[in-house]
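J.: Predicted model, plus sequence, below.
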Amino acid sequence: MIDDDGFLFFVLKRYYLKIMISLTTPLSSIHGIGPRFLTRLNKLRLFTVRDLLWHFPTRYEDWSRIANIAELGTSDHVTVRGVVQEIKNIRTWRKRMVITEALIGDESGTIKAIWFNQPYIGNALTKGAIANFAGKVAQRKNETYLSNPTYEVVRSEDQVTKHTGRLVPTYPETHGLTSRGIRYLIAPIFDDLEEIQEFIPGEILESQDLPHVEDALHDIHMPESLPTAERARERFSFEELFLLQLNNLRQKLALKKQTAPKIVSSDSQVKKLLKELPFELTGAQYQALHEVFDDLSKPQPMNRLLQGDVGSGKTIVAALAAVVTASSKYQTGIMAPTEVLARQHYKTLTKLFPDFSLGIGLLVSKEARAFYGEGLETEMPKQELIKKIASGEIKILIGTHALIQKNVDFENLGLVVVDEQHRFGVAQRAELIKRHQEKTGHSHLPHFLSMSATPIPRTLMMTIFGDLDSSLINELPKNRKAIITKIVAPENREKAYAFIRGQARHERQTFVICPRIQPSEIQDDGVASSDFKKLLELDVKTVKKEFEKLSKKVFPDLKVGMLHGKLKNEEKKKVMADFAGRKTDILVSTSVIEVGVDIPNATIMMIEGSEWFGLAQLYQFRGRVGRGEHQSFCFLFTESHTRTTQARLQSLITAKNGFELAEMDLKFRGPGELLGNEQTGLPDIAMRALQNEQLIKDSREAARKIMEIDPEFTKHPLLMARMQAFQKETHLE
C-alpha cells in the first residue's frame, strides 16, 4: 500500500516525466527504446520525439468493424474478438514452410486463423488468451478462415487497441522495424507529451478549417475515421506549403533590399547585336530578352528563371545579356553542369560574337583559354587566366561550378548565369557574394539568371520556385521540323536497327542512351543506392555492354563510339570531337552524362529501357536531335507492355510542348520523382501536397497576408522560430 507521501511522489514523478518529454527529446531518452530499436529508428532518420511524431502513415487499414464469428462472410475485412481455444505450429516438409493454426471462439461460434512462416505467433498467443484478430476472411475446401490476421491481446474491456478494431496506420518501415513496432512506440508518447504550441496563427487555421497541431497529430496517428485522418493530413500539407511560401516571399523581400549594378542597354546597341546574329529571334525569345534586360536595368538584383524546350534558344538570350553586361564594364560568370556543356557554351558565344574583343574565357579542370575577337584565341595556364579574371580583362567567363572555387575572383561581377540548375545553391551564392564583396569592396550583388530545359509544372513554380521570376520560351526556331517519335516493342527492334543502318548510309548519325540502373540491379550487385561511385561503375558497365553488342553484333559495319562518366576529360573531348566530325556513326552514352553538344547531323535518338526514365528526361534526350535541316526521329525501346508504361510513353508523342508534358509527368510520377526528395529535403507529405493546386493557392494567399501585416514576424515569434527551423531542415537551393 502506498502512503500519502509515496502517492505524492508517484504523482510528482508522473508530472515530471510529462514535462520532460517534449518534441526535442531524443528517442534514446524514451523508456523502452533500446539500442537495437534506436539503430532501426535512426535508419529512418528518426532521432527525436518530433521526428517520430512527424513520421506519418502512408495509408490506413480499416479494421474498425468488429463482428461476431457467425456473421462473417468470404472476403470480409473485419476484426473478431475471441478466445484462443487451440494453437499449434505445423511444419510442411514439402514446401519447407511453417503454418500456425489457431482456433478462435466467441459466443456465436468458432473460426480458424492461419499464418504462414510466422512460428513465433505460436508462442505469443497462448490457449485461453482473449485477443482481437483483424484480417480478411478467406475460404478453402469449404472451410472459412482468417488469412494471416493481425492479432492483439486484449486484457480489459476498455483497452484502447493499437493494431485492431480501428483504422490502423501503416508507416514507412525498415528492416527489423514494422508498422506494428512504430505504433507501439507512438501511442504511449501522447500520454507523457508536454503541450505543443501552435505556430500557425489561429485566424489562418480557422479560415482554412484546419485542426490545431495537437489534434492533428493525434488524428493522423489514431484517427476515428478516414475523413478525420485526411483532414489531419491536409493540415500538415498546408503547414509545409505555408512555410515554403513564406520562405519564398521572405527571400524576395530580402533581395529587394539589396542593391545590384544597373546595366542599361540602348535600343541602338540591342538592334546592332541582333542584326549581327546569323538568325532571327522568335517572338518568345524577344519577350524573354525584354524581361531580362528590364531586370538588369534595375538597382535590385535579378533573380529570374529562363525556361524553354531543348533547342528553343535560351543560350542566345543569356549570351546577349552577358555581352550587354560586358559593355557596361561588368563581368559575367556562366556556369554549366558539365565540362562538355561548358565547352559548348564557349564555342557558341565565340561563334555568335566573332568580333567581341572584351575577353571570353573558358575555365574547366584541365583547360584554360581566352578569346578576344577576330580569331584571336589562345590557350594558357589556368593561373594566368585566373589573374586575367581578377584584373577584369576577361569580361565573360564560362565553366562549371568550379568557377566559385576560392582561387577564382572577379574584379567586378555583374551577372551570374547558371545552366540546368533551377536554383544556384544558397550557400554557394552567399560564399560567392561574400568573397566578391570582400575582395572588391563592392556592396552590390550580381544579377542571377538560371536556365532550364526541363519544363517545370505550374504548381511547382508556385511553390518550390516561387521566389524566382520566370520567363518562358515556348516557341521553337523557325523551320524546325517536329521529331517523329516511335515506341519500339521487342518484336520491332530489328526493324529499328535496319532504319538506323539506312540513315547511316545517308551519313546521318545516332545517339544511343543506355537504360538507367534499377534498384533491383543495385541490390543484386550489393550496392547501396547512395553509393554514387558504385552506381557510376554499374552505369559504365551497362554502356560497355551495349557498346560491345552494337559494335560487334548489330552494326559491325558502322563506327560506334562510347561515352561515360569514367572516361578522362581528354578522352571525352576526343569522343565528342569524333562524333561532331562524323568520324563515328553511333554514340553510346550513359543517361547521366550531359551530351548537350549541338550536332545538327545527328537525326536519331535511340533510348534503351525508356520506361525507366521520367518524361521530362526523355523529352530532353529527344531534344538532342532535330537541330538541323533533316527529319529527325526518336525511338523509345521498351519491354514493358503495362498500360501505365504505354500511356506514359504515348504522352511523349501527343504532348504539344514540354510544359504540357511536365504536367503529365507530375500526374504520372508525382513531384518526388520529378524533383527528388533527397534533393529538396522536403518531407513526403509536402511532396505529395505539391499536386494539390487549391492547397497551394490557399497557402500562398495566407503567406502573403502574414507578410503584409507582419513582414518581420514581430507579432508571430512562434512562426519565426518554426521558419528558422524549417530552413535548416530543408535544403531548397
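T.: Thanks, I have the structure now. Residues are numbered from 1 along each chain as shown.

J.: Now for K545, how many residues are close by?
T.: For K545, the neighbour count with other Cβ atoms under 10 Å is 12. Quick note: C-beta positions are derived from backbone N, CA and C, even for glycine.

J.: pLDDT score assigned to it?
T.: For K545, the pLDDT comes out at 89.

J.: Repeat that for M707.
T.: 93.

J.: list the contacts for the closest residue to it other than its chain neighbours?
T.: Leaving aside its chain neighbours, M707 sits nearest to L249 (4.9 Å; criterion: Cβ to Cβ, 6 or more residues apart in numbering). Going by Cβ atoms under 8 Å, 6 or more residues apart in numbering, L249 touches 466-467, 703-704, 707.

J.: switch to 7 Å and redo it
T.: 703-704, 707 (Cβ atoms under 7 Å, 6 or more residues apart in numbering).

J.: For the one helix or strand it maps to, buried residues please.
T.: Assigned by DSSP states H and E, L249 belongs to helix 226-256. Using 16 or more other Cβ atoms under 10 Å as the test for burial, helix 226-256 gives 228-229, 231-251, 255.

J.: Also stretch 332-344?
T.: Residues of stretch 332-344 classed as buried by neighbour count (16+ other Cβ under 10 Å): 332-336, 338-344.

J.: Which members of these define the maximum pairwise distance?
T.: Distance extremes for the buried residues of stretch 332-344: the farthest pair is T332 and V340 at 20.4 Å, using Cβ to Cβ.

J.: still on that earlier bit, got CSV for the buried residues of stretch 332-344, with distance to D557 too?
T.: Converted to CSV, the buried residues of stretch 332-344 look like this (distance: Cβ to Cβ, whole Å):
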residue, distance to D557
T332, 47
G333, 46
I334, 41
M335, 42
A336, 36
T338, 32
E339, 32
V340, 28
L341, 32
A342, 35
R343, 31
Q344, 30
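
J.: quick one: which of these sit in helices?
T.: 339-344 (DSSP state H).

J.: export those residues to a markdown table and tack on distance to T48?
T.: Output for those, formatted as a markdown table (distance: Cβ to Cβ, whole Å):
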| residue | distance to T48 |
| --- | --- |
| E339 | 42 |
| V340 | 44 |
| L341 | 42 |
| A342 | 43 |
| R343 | 47 |
| Q344 | 47 |
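
J.: Going by distance to I220, which of these wins?
T.: L341 (44.5 Å).

J.: For the residue nearest to I473 when sequence neighbours are not counted, which residues are in contact?
T.: Spatial nearest neighbour of I473, chain neighbours left out: G308 (3.3 Å); criterion: Cβ to Cβ, 6+ apart. The contact partners of G308, taken as Cβ under 7 Å, 6+ apart, are 314, 453, 473.

J.: Could you check how far G308 is from T485?
T.: Distance, G308 to T485, by Cβ to Cβ, to the nearest Å: 19 Å.

J.: How about Q617?
T.: From Q617 over to T485 (counting by Cβ to Cβ), the distance is 14 Å.

J.: now T110
T.: 62 Å.

J.: which one of those two has more residues nearby?
T.: Legend: neighbour count by other Cβ under 10 Å for T110 and T485, higher for T485 (19 against 14).

J.: what bridges to that one?
T.: Each beta-bridge partner of T485 is listed here, defined by DSSP bridges: C634.

J.: try T110
T.: Beta-bridge partners for T110, by DSSP bridges, are G105.

J.: and it, what is it in contact with?
T.: Listed by Cβ under 7 Å, 6+ apart, the contact set of T110 reads 69, 85, 103-104.

J.: Scan these and report the most crowded one.
T.: Per-residue neighbour counts (other Cβ under 10 Å) across the contacts of T110 peak at I104, which has 27 neighbours.

J.: thought it was touching V80?
T.: Yes. Between I104 and V80 there is a contact at 6.5 Å, judged by Cβ atoms under 7 Å.

J.: shared neighbours of the two, anything?
T.: 111, 133.

J.: about what we covered before: possible to save the contacts of T110 as a markdown table with pLDDT, distance to S147 and secondary structure?
T.: Below are the contacts of T110 laid out as a markdown table (pLDDT from 0 to 100; distance: Cβ to Cβ, whole Å; DSSP: H, G, I helix; E, B strand; the rest coil):
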| residue | pLDDT | distance to S147 | secondary structure |
| --- | --- | --- | --- |
| I69 | 92 | 15 | helix |
| Q85 | 95 | 19 | strand |
| L103 | 95 | 15 | strand |
| I104 | 95 | 13 | strand |
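
J.: Closest one of the residues you listed to L27?
T.: Distance ranking of the contacts of T110 against L27, using Cβ to Cβ, places I104 first at 35.8 Å.

J.: are any of the contacts of L249 buried, and which?
T.: Judged by 16+ other Cβ under 10 Å, buried ones among those: 703, 707.

J.: Which members of the contacts of L249 are positioned in helices?
T.: Members of the contacts of L249 lying in helices (criterion: DSSP H): 703-704, 707.

J.: ok, of the residues you listed, which one's closest to D557?
T.: Nearest to D557 out of the ones in helices among the contacts of L249 is A703 (Cβ to Cβ; 62.5 Å).

J.: Just checking, which of the ones in helices among the buried residues of stretch 332-344 comes out lowest on pLDDT?
T.: Within those, pLDDT reaches its minimum at V340, with 80.

J.: correct me, but it touches M576?
T.: Yes. Using Cβ under 7 Å, V340 makes contact with M576 at a distance of 6.4 Å.

J.: Can you report how many residues lie near N692?
T.: Counted with other Cβ under 10 Å, residues neighbouring N692 total 16.

J.: per-residue pLDDT, it?
T.: Reported pLDDT for N692: 80.

J.: For it, give me the backbone phi and psi.
T.: Dihedral angles phi and psi of N692 (degrees, to the nearest 10) take the values phi -100, psi 90.

J.: where's it relative to V168, distance?
T.: Computed as Cβ to Cβ, the N692 to V168 distance reads 25 Å.

J.: circling back to that earlier point, now the contacts of L249 in a markdown table, with distance to L550?
T.: Formatted as a markdown table, the contacts of L249 follow (distance: Cβ to Cβ, whole Å):
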| residue | distance to L550 |
| --- | --- |
| A703 | 53 |
| R704 | 55 |
| M707 | 57 |
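
J.: quick one on the thing from earlier: what's the distance between the residue nearest to M707 and P711?
T.: Distance check for L249 against P711: by Cβ to Cβ, it reads 9 Å.

J.: now K88
T.: Here the distance between K88 and P711 works out to 70 Å (Cβ to Cβ).

J.: So what's the residue count around I66?
T.: For I66, the neighbour count with other Cβ under 10 Å is 15.

J.: ok, now which ones touch it?
T.: By Cβ under 7 Å, 6+ apart, the residues touching I66 are 79, 81, 165.

J.: I'd like the residues you listed laid out as a markdown table, including distance to E639, secondary structure and pLDDT.
T.: Formatted as a markdown table, the contacts of I66 follow (distance: Cβ to Cβ, whole Å; DSSP: H, G, I helix; E, B strand; the rest coil; pLDDT from 0 to 100):
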| residue | distance to E639 | secondary structure | pLDDT |
| --- | --- | --- | --- |
| T79 | 43 | strand | 93 |
| R81 | 49 | strand | 94 |
| G165 | 45 | coil | 90 |
